[in-house]
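# 3D model of this:
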Amino acid sequence: MQKELIKIIELENSNDFELAFKEYHNLYNQDKSDFEVWKYYYFFLWIIIENMPNDFIEKIKREERLKEMFSDGNSKFSNNPEFNFIVGYTMSIFPYEFGDFDEYEKKAKELLEKAKNLDQNNPIYKMVCLSSSIDDNSEEYLIAVAESAQIVKEKYNGIGLYDDYFKQVLYRI
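Numbering: from 1, shown residues only. Below is the predicted model:
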């Protein structure tokens, strides 16, 4: 991971969200084709609704920026399974953040399914898709949970809001 991105994630950890936002914005505008920067910036915009006062959220036009990041990412990374997973997952939690609830709830499912189809060997994508479509006690789901556990611990072992969040919600053992 590039050192500029690490510095921004450290700002997140110290709860300096205003400076983190400015740094994400500047870094992203330097190279909008860098998926890692897009991923962390998009997720930051999505998650700060829980951590920031409304005046800051309104000042940065968070909802508008989040939609722009989705659109921009979709135009560049639509065949990237991780892109589809991140947006599908976040969109499934708060579909109304993107527009019409029913439309974006459906879109979230499509994105998650696309992630699973693009990377058929990824048990995390399978687990998340199964969790919304079948009984949480089904054998197929429980196998996906078990297969995902170590991958979640390895993949989301870094610092920052992104890794903390996904480690928490995807480690299901």
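
# Identify the residues contacting the lowest-mean-pLDDT helix or strand in the chain?
Counting by mean pLDDT, DSSP states H and E, the chain has its least confident helix or strand at helix 54-59, which shows a mean of 78. The contact list for helix 54-59, computed with Cβ atoms under 8 Å, 6 or more residues apart in numbering, reads 17-18, 48-49, 63. C-beta coordinates here come from the backbone N, C-alpha and C atoms, glycine included.

# Which strands or helices does whatever helix or strand comes next after that helix pack on?
Later in the chain than helix 54-59, the nearest helix or strand by DSSP states H and E is helix 62-77. Other elements packing on helix 62-77 under the criterion 3 or more Cβ pairs under 8 Å, 6 or more residues apart in numbering; DSSP states H and E are helix 35-47, helix 81-93.

# Return the distance of helix 62-77 from the chain's centre.
Put simply, helix 62-77 sits 12 Å off its chain's centre (Cα atoms, centre = their mean, to the nearest Å).

# buried ones in the least confident helix or strand of the chain?
The neighbour-count check on helix 54-59 (16 or more other Cβ atoms under 10 Å) flags Ile57 as buried.

# what's the closest non-adjacent residue to the residue positioned nearest the centre of the chain?
Geometric centre of the chain, nearest residue: Ile86, 3.5 Å, by Cα atoms, centre = their mean. Using Cβ to Cβ, 6 or more residues apart in numbering and skipping the chain neighbours, the partner closest in space to Ile86 is Lys39 (6.2 Å).

# That neighbour: how many residues sit nearby?
20 (other Cβ atoms under 10 Å).

# separation between it and Asn29?
16 Å (Cβ to Cβ, to the nearest Å).

# before we move on, the earlier item: quick check, pLDDT for the residue nearest to Ile86.
On the pLDDT scale, Lys39 is placed at 98.

# any idea how far it is from Glu110?
Separation of Lys39 from Glu110 (Cβ to Cβ) stands at 19 Å.

# do the same with Gln30
Distance from Gln30 to Glu110, counting by Cβ to Cβ: 31 Å.

# Sounds good, over and out.
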